[in-house]
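# Pasting the sequence and the predicted coordinates here, then a few questions.
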Amino acid sequence: MPRNFSSSKTVLPEKALIRCEELCARAERCEHELREKMYAWRINGRDIDAIINSLTTRRFLDNSRFARAFVRDKYRFAHWGRRKIALSLRQKRIDNDTIDEALDEINQEEYAAILHGLLKAKAARMEQPLSYESRVKLFRFGVSRGFEPQLISSTLKTL
């Protein structure tokens, strides 16, 4: 039976540790997400630090591992570009070095193929995909997905 972890009641630190372990065992989490949950559970700062330290020491929590998994999922399944992924990771308070390392693991050929597929599918739904206005829309679409402008431009030339 699934448990509801979004409680507004105060949670004891011992219970919070168990809840966080369960959350981390199900899916990769970052430190910021867990801190936010524990603040919502009304756990004090000292206890939060101790829980985070325990989770990190026992490898339930690893921001680098989280960032790599996040990058893989977002570019392969959600078809996000590097810029959108990096912005999302910064919002989760992942440091820039960790973000850069995770983004370096992106396969460039696969990444370019994803953008090509996205733009091609979008162009197929347009009445006049070769018009200037349509190309501008395609460019904006690629930027909104977080892809780099120079990659979008070169991909648009091949369509």
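Sure thing, it's come through.
# wouldn't residue 92 be in contact with residue 30 here?
Yes. In this structure, residue 92 is within contact of residue 30 by CB atoms under 8 Å, at 4.9 Å. Backbone N, C-alpha and C define where each C-beta goes, glycine included.
# Mind checking which of those two has more residues around it?
Between residue 92 and residue 30, residue 30 has the larger neighbour count (other CB atoms under 10 Å), namely 22 against 17.
# Kindly export the biggest helix by length in the chain (C-alpha atoms) in CSV.
If you go by DSSP state H, the chain has its longest helix at helix 108-124. Included here for helix 108-124 are C-alpha records, laid out as CSV according to Å, rounded to 0.1, in the frame of the first residue of the first chain:
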residue,chain,number,x,y,z
GLN,A,108,26.2,14.2,-29.1
GLU,A,109,24.9,12.1,-32.0
GLU,A,110,21.8,11.0,-30.1
TYR,A,111,21.2,14.5,-28.8
ALA,A,112,21.3,16.0,-32.4
ALA,A,113,19.1,13.2,-33.6
ILE,A,114,16.5,14.0,-30.9
LEU,A,115,16.5,17.7,-32.0
HIS,A,116,16.2,16.7,-35.6
GLY,A,117,13.3,14.4,-34.9
LEU,A,118,11.5,17.1,-32.8
LEU,A,119,11.9,19.8,-35.5
LYS,A,120,11.0,17.4,-38.3
ALA,A,121,7.8,16.4,-36.5
LYS,A,122,6.9,20.0,-35.7
ALA,A,123,7.5,21.0,-39.4
ALA,A,124,5.3,18.2,-40.7
